[in-house]
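Chemist: need coordinates for the following:
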Amino acid sequence: MTAAKNHPSAVDALLLRLAPARVLILFLFHALVFSGCYAFAWLLRFEFAIPPEFLHIFKWSFPIVVILQLTIGFFFGFYRGWWRYVGIADVVRLAFGLSTAAALLLGGWYAGPALGLQERFVKSPRGTILIDWAFALLTLFGTRLLIRLGRDRFRPAQMPQQERRVLIIGAGDAGETLAREIEHRPQLGMKVVGFVDDHRAKFGSHIRGIKVFGPIENIGELADATGADEALIAIPSASGQRIREIIHHLAEAELKFKTMPGIDQLVSGRVHVTQLRPVDVEDLLRRTPAQLPGDPVRELFRGKRVLITGAGGTIGAELAAQVMQFEPERLALVERSEFALYQVRKRLGQEAAQLSRLSSNLTDIRDTEALDELMARERPHIVLHAAAHKHVPLGEENPAEYLRNNALATRTLADISLRHGVKRFVLISTDKAINPTSVMGATKRAAEILLLDLLRDAPMKLTIVRFGNVIGSSGSVVPLFIEQIAAGGPITVTHPDVTRYFIRTSEAISLVLQAAALGDGGQVFMLDMGEPLKIVDLARDLIRLSNHTEEEIEIAFTGLRPGEKLFEEIRLEGESIHPTIHPQIVVTECKQPRGSEVEQWIRRAAAASTAEEARSLMHALVEEFTAPMPAAPAAAPAAAPSTLTFPVTAEA
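Modeler: Numbers count the residues shown, from 1 in each chain. Next up, the predicted model:
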């Protein structure tokens, strides 16, 4: 949410002018209040006619009470803070401070005989202390409240010409905070006309004077009844599945909608609860983040020299951004695209301190000499290898290139890393390496085999991490669908039953780094990808998010392309799965060819130049690599994807 420019009110301007003497003014004001309230307490106690025999007690106790209250007020911060932002914390501070003063006064009353104050203090009515406490609390809080109300009421805001009537989806803490912010910012041009929630116990209740309706599936009728023309989704803890259900109801009701950040972003501190934005595709994949106990990832990277290949891609750039947060000694970016390298350097080098720890290297990982010189210069402790060709249809047209770049270059990089004393090597793999039907998947599986062979007895720790499609990455379906929607359609989907696993970029990389911290060498990790999504359902969700209907944007089925499956798998046949201490990461055990066979294969692959040779070599090394079967959209049966249970708690 972007607030309009704030214009100081008359109250604000007055407070600014008085700022230098604010503490003194507040002290004098409290002295006046304490004096007046104590005097009024005596008058009220004796019905505005204090007997003469009590006057000397009042005169004697008056300065003691006021001085004690002023002293207690100093320790409880009565003279700090800005009254225009008064809240519950201020009420609690006032109540505790005044209660402490009252307790001390009552203690003095009872201890009077022992202190020789029988005549001068103990004979004063105890009720005056309680009356004084109540009136002081009411006066001090009431004054603060009036200042805040005056600021909000008389602040000259640039009001929009038309006020939008909004419903807040979610009657929890986030929804209440959002309603309060909207109420205090009239320049936003919003009026909350109701909360909508599925919790039946809340139906008919009121929050901040605003009625709670429900359930959410009746949002269309509720919008008509309240005259709402927009909805704000205020459920940061909602899962991706729940968000998809909500936007389906909102789209049917023809309501515009926005959302607040997810709970993972709120916890990270990067955003605030009131930063509303349009719902995007990543909201459809929300999952509760899980972290390893302690902070092993920070300890892994802090003070280390780290090298990232493919740093300009979606995965590499996010790797670089997250690693930089863990305070590495130096971060070397390796990328062969000049523009991509420039972009990631610009993203990371916002501060001079960060820029001094960055090294930008325009290098192709297949250039052995340049790579060797780079390793000698940077001397990395950790290598994160994300560089790869990832586009499935292009791989079918260029198998030799994919073989060289994805498999052989990975082995060469590992050889050079081992020679230069790299301690840990992490390969970013893919779920398409599992029972591959595409050249891309087969070359990534070949890269896994080559690395596991090299590091069978080597001191360098190897971690291989597999995961599925990263939502919104370059080359994925999401940017393509968005382009097609912007062009008015149609959206092209290969098959009505095709499903894929999707994960958010930030979540994928967080899990990759946590897997790297778990790995002690030679493991292949698989990330929990959640539930698979039908691509056609994803297309429909994007149409709704773009405020269109399926009547406006057509979905066309084109048939599976070469190398594509109906669904992705998450384990090889016969591959065993072991849990880790992380509920979203498991270890898989893969069948590994003999070392002599791998060495012979590498020599043959290095000499391969034709597409036929490349395909033949991949079939020879990757036994599970099968040629894709053509499927027509209307005839192909729907297949259920493999399932894998990720335990909630487990031991390594």
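Chemist: so which residues of the stretch 301-450 of the chain form strands?
Modeler: Ranges of strands in the stretch 301-450 of the chain, per DSSP state E, counting those that start in this stretch, are 305-309, 330-335, 358-362, 382-385, 424-428.
Chemist: would you format these as a markdown table with distance to Lys534, mean pLDDT and mean neighbour count included?
Modeler: For the C-beta atoms, the positions are set from N, CA and C on the backbone; glycine is no exception. A markdown table is the format used below for the strands of the stretch 301-450 of the chain (distance: least, CB to CB, whole Å; pLDDT from 0 to 100; neighbours: other CB atoms under 10 Å):
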| stretch | distance to Lys534 | mean pLDDT | mean neighbour count |
| --- | --- | --- | --- |
| strand 305-309 | 33 | 96 | 26 |
| strand 330-335 | 34 | 94 | 25 |
| strand 358-362 | 40 | 92 | 18 |
| strand 382-385 | 32 | 96 | 26 |
| strand 424-428 | 26 | 94 | 25 |
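Chemist: is it possible to get a markdown table of these that adds distance to Leu538?
Modeler: Shown next, in a markdown table, are the strands of the stretch 301-450 of the chain (distance: least, CB to CB, whole Å):
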| stretch | distance to Leu538 |
| --- | --- |
| strand 305-309 | 29 |
| strand 330-335 | 29 |
| strand 358-362 | 35 |
| strand 382-385 | 29 |
| strand 424-428 | 23 |
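Chemist: shaky segments in the stretch 351-500 of the chain?
Modeler: Along the stretch 351-500 of the chain, the model assigns pLDDT under 70 to residues 351-353, 472-476.
Chemist: measure how far stretch 46-66 is from the centre of its chain, please.
Modeler: Relative to its chain's centre, stretch 46-66 lies at 61 Å (CA atoms, centre = their mean, to the nearest Å).
Chemist: would you mark the buried spots in stretch 459-475?
Modeler: Residues 460-473 are the ones in stretch 459-475 that count as buried (16 or more other CB atoms under 10 Å).
Chemist: and what of stretch 409-421?
Modeler: Neighbour counts over stretch 409-421 (16+ other CB under 10 Å) mark Ala409, Thr410, Arg411, Thr412, Leu413, Ala414, Asp415, Ile416, Ser417, Leu418, His420 as buried.
Chemist: next step: those restricted to helices.
Modeler: Of those, the ones assigned to helices by DSSP state H are Ala409, Thr410, Arg411, Thr412, Leu413, Ala414, Asp415, Ile416, Ser417, Leu418.
Chemist: return the member of these nearest to Ile382.
Modeler: Taking CB to CB as the measure, Ile382 sits nearest to Ser417 out of these, at 9.5 Å.
Chemist: SS state for the nearest residue to Arg242 once chain neighbours are set aside?
Modeler: Leaving out its chain neighbours, the residue that sits closest to Arg242 by CB to CB, 6 or more residues apart in numbering is Ile235, at 7.2 Å. Secondary structure assignment for Ile235 (DSSP: H, G, I helix; E, B strand; the rest coil): coil.
Chemist: touching, Ile235 and Gly170? I think so.
Modeler: Yes: using CB atoms under 8 Å, Ile235 is in contact with Gly170, at 4.0 Å.
Chemist: turn the buried residues of stretch 459-475 into CSV, including distance to Lys390 and secondary structure.
Modeler: Formatted as CSV, those follow (distance: CB to CB, whole Å; DSSP: H, G, I helix; E, B strand; the rest coil):
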residue, distance to Lys390, secondary structure
Met460, 25, coil
Lys461, 25, strand
Leu462, 21, strand
Thr463, 19, strand
Ile464, 16, strand
Val465, 15, strand
Arg466, 13, strand
Phe467, 12, coil
Gly468, 12, coil
Asn469, 10, strand
Val470, 10, strand
Ile471, 14, coil
Gly472, 14, coil
Ser473, 8, coil
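Chemist: and the two most separated of the ones in helices among the buried residues of stretch 409-421?
Modeler: Maximum pairwise distance in these, criterion CB to CB, is 14.9 Å, between Ala409 and Leu418.
Chemist: could you list the domains of the chain?
Modeler: Annotated domains of the chain cover 10-154, 164-279, 300-469+504-530+567-621 [automatic domain parsing].
Chemist: out of those, which is closest to Ile555?
Modeler: The nearest among the domains of the chain, by CB to CB, is domain 164-279 at 15.1 Å.
Chemist: and the helices in the stretch 301-450 of the chain, which stretches?
Modeler: Assigned by DSSP state H, counting those that start in this stretch, the helices in the stretch 301-450 of the chain fall at 314-324, 338-348, 352-355, 368-378, 392-397, 399-402, 409-419, 439-454.
Chemist: name the residues of the first one that come out as buried.
Modeler: Of the residues in helix 314-324, those buried under the neighbour-count criterion (16+ other CB under 10 Å) are Thr314, Ile315, Gly316, Ala317, Glu318, Leu319, Ala320, Gln322, Val323, Met324.
Chemist: does Ala409 really touch Ile365, like I thought?
Modeler: Yes: using CB under 8 Å, Ala409 is in contact with Ile365, at 4.9 Å.
Chemist: list the residues that are in contact with both of the two.
Modeler: Common contacts of Ala409 and Ile365 (CB atoms under 8 Å, 6 or more residues apart in numbering): Ala387.
Chemist: in this protein, what secondary structure element scores lowest on mean pLDDT?
Modeler: Counting by mean pLDDT, DSSP states H and E, the weakest-scoring helix or strand in the chain turns out to be helix 263-268, with a mean of 45.
Chemist: give me every residue that touches Ser205.
Modeler: Taking CB under 8 Å, 6+ apart, we find Ser205 in contact with Ala171, Lys211, Val212.
Chemist: 10 Å - rerun?
Modeler: With contacts taken as CB atoms under 10 Å, 6 or more residues apart in numbering, Ser205 has the following neighbours: Ala171, Phe195, Asp197, His199, Lys211, Val212.
Chemist: could you work out the most separated pair of these?
Modeler: Top of the distance list for these (CB to CB): His199 and Lys211, 14.0 Å.
Chemist: thinking again about what came up before, export the contacts of Ser205 to CSV and tack on pLDDT and distance to Pro380?
Modeler: Shown next, in CSV, are these (pLDDT from 0 to 100; distance: CB to CB, whole Å):
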residue, pLDDT, distance to Pro380
Ala171, 84, 51
Phe195, 90, 53
Asp197, 89, 51
His199, 86, 52
Lys211, 87, 60
Val212, 88, 56
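Chemist: residues contacting Arg347?
Modeler: Arg347 is in contact with Ala317, Glu318, Ala320, Ala321, Met324, counting by CB under 10 Å, 6+ apart.
Chemist: what about the third one, distance to Leu355?
Modeler: Put plainly, it is Ala320. 13 Å (CB to CB, to the nearest Å).
Chemist: for the residue nearest to Arg242, phi and psi?
Modeler: Phi and psi for Ile235, reported as degrees, to the nearest 10, are phi -130, psi 80.
Chemist: surely it meets Met260?
Modeler: Yes: because the distance of 8.3 Å satisfies CB atoms under 10 Å, Ile235 is recorded as touching Met260.
Chemist: now for those two: what residues contact both?
Modeler: By CB under 10 Å, 6+ apart, Ile235 and Met260 have these common neighbours: Ile168, Gly170, Ala174, Gly175.
Chemist: return the member of those nearest to Asp295.
Modeler: Nearest member of the shared contacts of Ile235 and Met260 to Asp295, counting by CB to CB, is Ala174, at 27.1 Å.
Chemist: A strand includes that closest one, no?
Modeler: No: Ala174 is assigned helix when assessed by three-state DSSP, not a strand.
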